[in-house]
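Student: Fold the stuff below for me.
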Amino acid sequence: GIDGSRHQIFEGGIAYWRPGGRVSFIHGSILSAWAASGWERSKVGLPTGRAVRQANGTMTQTFEKGSISVAPNGKVTIR
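Tutor: Next up is the predicted model:
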């Protein structure tokens, strides 16, 4: 992978390992949006954290150069 990263595909999503031992899991609508935007070559790069549900119900996952959020209504935002 890019920068020595590795990934493993599972039935429910993907586990991404980055040098230094950090593993991030990507699944659901965030995974779909990341795939559609170019995977690790997308403008947000590699995942750096887990998906977190915000108080308003939006799920947000951080990446090297931004984040991907999915609102409760399904609207996806890539920053």
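
Student: May I have the secondary structure class of Val44?
Tutor: Here Val44 is recorded as coil under DSSP: H, G, I helix; E, B strand; the rest coil.

Student: Could you check how far it is from Trp34?
Tutor: Note on Val44: its distance to Trp34, by C-beta to C-beta, to the nearest Å, is 7 Å. (Each C-beta comes from the backbone N, C-alpha and C, glycine too.)

Student: Phe10 too?
Tutor: When distance is defined by C-beta to C-beta, Phe10 is 15 Å away from Trp34.

Student: ok, which stretches of this structure are strands?
Tutor: Under the criterion DSSP state E, strands of the chain are mapped to 6-10, 13-18, 22-26, 52-53, 59-63, 66-70, 76-78.

Student: Switch those strands over to TSV; also include mean pLDDT.
Tutor: Listed next are these as TSV, based on pLDDT from 0 to 100:
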stretch	mean pLDDT
strand 6-10	91
strand 13-18	91
strand 22-26	92
strand 52-53	98
strand 59-63	97
strand 66-70	98
strand 76-78	98
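
Student: Redo those strands as TSV? Include distance to Gly38.
Tutor: Output for the strands of the chain, formatted as TSV (distance: least, C-beta to C-beta, whole Å):
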stretch	distance to Gly38
strand 6-10	14
strand 13-18	14
strand 22-26	14
strand 52-53	23
strand 59-63	12
strand 66-70	12
strand 76-78	10
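
Student: Could I get the contacting residues of Ala46?
Tutor: In this structure residue 46 is Leu, not Ala. For Leu46, the contacting residues are Ile2, Asp3, Ser5, Tyr16, Arg18, Ser24, Glu40, Phe63, Glu64, by C-beta atoms under 8 Å, 6 or more residues apart in numbering.

Student: same check, this time on Gly21
Tutor: Applying C-beta under 8 Å, 6+ apart to Gly21 gives no contacts.

Student: More neighbours: Phe10 and Trp34, which one.
Tutor: Trp34 (24 against 10; other C-beta atoms under 10 Å).

Student: All good on my end, thank you.
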